[in-house]
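1. my questions are about this predicted structure, shown below with the sequence.
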Amino acid sequence: MNPTSPRPLLTLGINASFHDSAAALMRDGEVIAAAEEERFTRIKHGKRPVPFTAWELPYHAIDYCLKEAGATLADVSHVAYSFDPARFLGDRAPDGRFTLPLKPSDFDAGPWENPWDPLFAAYVLNAPRMLTDAVPHHLRKRFAGVKHASAPYRWHFVPHHLCHQASAFLAAPFDRCAVMTLDGRGEQASTCYGRYRDNRYEPLGEVHVPHSLGLLYERVTAYLGFLHSSDEYKVMALAALGTPRHADVLREHLAVGADGQYRNLPLDLVERFGPARVPGTKMTETCLDLAASLQDVLEESVLQLAVWLRERSGEDQLAMAGGVALNCVMNSRLRDAGIFRRVWVQPAAGDAGTALGAALWVDARERAGQPAEAGEDQPLELAERRWHMDHAYLGPAYDDGDIEALLQWAQLRYRKVEDVAKETATLLAQNKIIGWFQGRMEFGPRALGARSLLASPVDPHMQARLNELKDREDFRPVAPAVNREDMADWFEPADANEGESPFMLFVYRVKPGQSERIPSALHSDRTARVQTVDAATNPVFHDLLTAVGEKTGVPVLVNTSFNVRGEPIVGTPKAAIEAFFSTPLDALVIGSFILEK
């Protein structure tokens, strides 16, 4: 770098307060990298969302982001943390002190929601110190030379739901739009509304906990025997197998009012439906119908909120984020309702995406010469955008040299191929299941053709084979990937989103006469959660789909995440090799190399 040139504006975003710990890094308005901590530590969601883990920062993800930029922590200009402890604390610690319990059962929570909230607040408040003082030994090189008292960067605590909002409207392909965040909880809010136009963001209101669509979904998830803040997507899948005969019960619990507000009223699930399901036991008809009822009421409620937001904002495009926005069935019903002309959803809509949103917000405010700390309920000036999110491939990549060195060190048999797409298409045409590890890793919970398990959808038994391979529930569907230019031949109709679904966040109905050709890619109602693949953003995966189409006449592949139950998606070549040899996968295609059993 020329010593007289201005120092680049490096903004590091961090999510760590609850779950899905992640980091993102921007340079002068451009996103350089983003990744979840779980992909490096192999701990699902990075950690559980309990007060005792709030201190754990995503050190491995931060280290990766800095490496991708060729930087160290000393080069960072701003650190944006996606939670504001001042909003969470309120006036509950006027003298800067609070009491921690030794035994919570003997402790009066007082003004706190639960006895452990003071511990959570203390950990979040001290995150700036943890960034410099608690780095794992093997990562210290990239963090070296920075002390908390003399850090060269400015630290920003950014409100959690503002980070969700920014991750949507500052990443969407819209110059102006309404914005809606649907989440479990932040400092106070659970749902947030806004409007983005003319490089300004205007808050339009929010709903506060305990009223929360996300927390309602979590409660039912736990009642059905799944892990809350983790397995909500399983309940969405389960809903397709039930009948919404309990919808009226849930409607009584969820009262949608005016001005985008709603309330969760008291509901005892055990009293109304009997004992909660024990994990691992048989799924009853009541469980299936409760899941269907929950999904139905969620969709109805979000449509009502969207109608209000459309009128209040005056915008005909919508950008969404928050964990609830990962519900692709809900997203599709909102898309098809025609309330908004176009709907875009942040692919890392859950809490991981707030790391990106925090960085986007601080970068946009700083480049505009404005303080990053937001005012209340007023339009806020932002710099002109230099980036939008047309793909999610923001994680690490590994070149052939690194991969082959590992294969040789492990004394594995492999073959190097010149045409990866052609060779892999041959294996897939033989009905083999492939572990696919190519290019930069995806940011967000969906495998989008970089860290995927791939198979032919032609075999009607392939869904069962994949679920057995991944050791997951037999009701879980898998999703089809298709090249963008082939989308209209297989799925209908070309929708308001112009036939694009690069992030696998919407469902589509299969075209007449085509469902029999791809039975394993479809849901029970003949819809599918489609991913469209663009040659510009993932050329290798695009070439593979083209080669499969030429070989089989069906240019569609089943695409599911490269992992097994309870583990995160593989992030490194070593993790991919371990998964290959510990499951009944037929082949691993990693870079230019193929391993077969």
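-> Arrived safely. Numbers count the residues shown, from 1 in each chain.

2. my guess is residue 26 meets residue 359, correct?
-> Yes - with contact defined as CB atoms under 8 Å, residue 26 counts as touching residue 359 (4.8 Å). All C-beta spots, glycine's among them, are computed from the backbone N, C-alpha and C.

3. where do the contact lists of the two overlap?
-> In terms of CB atoms under 8 Å, 6 or more residues apart in numbering, residue 26 and residue 359 are both contacted by the residues 11, 13.

4. so for the two, which sits in the more crowded spot?
-> residue 359 (33 against 30; other CB atoms under 10 Å).

5. what's the mean pLDDT across the helix or strand encompassing the more buried one?
-> Residue 359 belongs to helix 353-367 when assigned by DSSP states H and E. Mean pLDDT, computed over helix 353-367, is 98.

6. swap in stretch 394-414?
-> So the average pLDDT for stretch 394-414 ends up being 98.

7. would you mark the buried spots in it?
-> By 16 or more other CB atoms under 10 Å, the buried positions in stretch 394-414 come out as 394-396, 398, 403-404, 406-407, 414.

8. let me know the closest of the residues you listed to residue 562.
-> Of all the buried residues of stretch 394-414, residue 562 sits closest to residue 395, with 12.8 Å by CB to CB.

9. separation between the closest one and residue 304?
-> Distance, residue 395 to residue 304, by CB to CB, to the nearest Å: 37 Å.

10. picking that back up, packing partners of the helix holding residue 359?
-> Applying 3 or more CB pairs under 8 Å, 6 or more residues apart in numbering; DSSP states H and E, we find helix 353-367 packed against strand 10-15, strand 22-27, strand 30-36, strand 78-81, helix 160-169.

11. which other helices and strands contact the helix or strand following it?
-> The helix or strand immediately downstream of helix 353-367 is strand 380-381, counting by DSSP H and E. Judged by 3+ CB pairs under 8 Å, 6+ apart, strand 380-381 is in contact with strand 200-208.

12. give the pairing partners of the strand it packs on; include direction for each.
-> Strand 200-208 sits in its sheet next to strand 189-197 (antiparallel), strand 380-381 (antiparallel), going by DSSP bridges.

13. ok, then the element right after that strand?
-> helix 213-223.

14. roughly how far is that following helix from the heart of the chain?
-> Using CA atoms, centre = their mean, to the nearest Å, the mean C-alpha position of helix 213-223 is found 18 Å from that of the whole chain.

15. wait, isn't residue 540 in contact with residue 420?
-> Yes - under the criterion of CB under 8 Å, residue 540 makes contact with residue 420 at 6.6 Å.

16. who touches both of these two?
-> Shared contacts of residue 540 and residue 420, defined by CB under 8 Å, 6+ apart, comprise residue 438.

17. of those two, which one has the most company?
-> Neighbours were counted for residue 540 and for residue 420 using other CB under 10 Å; residue 420 has more, 21 against 18.

18. OK, contacts around that one?
-> By CB under 8 Å, 6+ apart, the contact list for residue 420 reads 438, 540, 543-544, 589, 592, 594.

19. and the residues you listed, which are buried?
-> Buried members of the contacts of residue 420, scored by 16+ other CB under 10 Å, are 438, 540, 543-544, 589, 592, 594.

20. now residue 76: how far from residue 8?
-> 10 Å.

21. and those two? Which one has more around it.
-> Shown here are residue 76 and residue 8; by other CB under 10 Å, residue 76 has more neighbours (23 against 15).

22. surely that one is in contact with residue 155?
-> No - using CB under 8 Å, residue 76 is not in contact with residue 155, being 10.1 Å away.

23. low-confidence ranges in the chain?
-> Low-confidence segments of the chain (pLDDT under 70): 1-5, 374-376, 493-498.

24. what's the longest helix in it?
-> In terms of residue count, the longest helix belonging to the chain (DSSP state H) is helix 285-313.

25. now the element after it, going C-ward?
-> Downstream of helix 285-313, the next assigned helix or strand under DSSP H and E is strand 317-321.

26. if we look at that next one, which residues are touching it?
-> Counting by CB under 8 Å, 6+ apart, residues outside strand 317-321 touching it are 164-165, 167-169, 171-172, 174, 176-182, 196, 306, 309-310, 331, 334, 339-346, 349, 353, 357.
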